[in-house]
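Peer 1: structure of the sequence below:
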Amino acid sequence: MEFTFSGPVVEWRGPAPYFFVEVPDEQSEDIKEAARGLEYWGQVAVDVRIAGTDFRTALFPKDRRYLVPLRAAVRREAGLELGQVVEAALDLAPRG
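Peer 2: From the prediction side, this is the model:
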């Protein structure tokens, strides 16, 4: 099942900065429902496409919504910047 949405690139500071795309509330609820039984430790494996860049990751749950983690290599390849609003498409990925 494919989900599409627009969301901003945000930073979460820890020992090192981490970058994510915020999934809007409505799509987060839809993903949560569709992913029942596929999640592990609250995370959901997904295949993602942003700005023509495809990658696999696991959605990170935070404050009743999901965040899409953006590795540095993905940000460079897709030309993503902090605060930029991006269009994303994701599919639930089978575990394994």
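
Peer 1: please count neighbours and contacts with C-alpha atoms only from this point.
Peer 2: Fine.

Peer 1: list the contacts of P24.
Peer 2: Shown in contact with P24 (C-alpha atoms under 8 Å, 6 or more residues apart in numbering): F5, S6, G7, R65, Y66.

Peer 1: list the buried residues of the longest strand seen in the chain.
Peer 2: As assigned by DSSP state E, the longest strand anywhere in the chain is strand 2-13. By 16 or more other C-alpha atoms under 10 Å, the buried positions in strand 2-13 come out as S6, G7, P8, V9, V10.

Peer 1: which strands or helices does the helix or strand harbouring V68 pack on?
Peer 2: Under the criterion of DSSP states H and E, V68 resides in strand 65-70. Counting contacts by 3 or more C-alpha pairs under 8 Å, 6 or more residues apart in numbering; DSSP states H and E, strand 65-70 packs against strand 17-22, helix 25-34, strand 53-62.

Peer 1: would TSV of the ones you listed with mean pLDDT be doable?
Peer 2: TSV is the format used below for the helices and strands packed on strand 65-70 (pLDDT from 0 to 100):
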stretch	mean pLDDT
strand 17-22	91
helix 25-34	93
strand 53-62	93
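
Peer 1: from the contacts of P24, which two are the most distant?
Peer 2: S6 and R65 (13.8 Å; C-alpha to C-alpha).

Peer 1: what touches both of the two?
Peer 2: V23, P24.

Peer 1: list the contacts of stretch 59-71.
Peer 2: 18-25, 28-29, 42-46, 57-58.

Peer 1: and with 7 Å instead?
Peer 2: F19, F20, V21, E22, V23, D25, S28, G42, Q43, V44, A45, V46 (C-alpha atoms under 7 Å, 6 or more residues apart in numbering).
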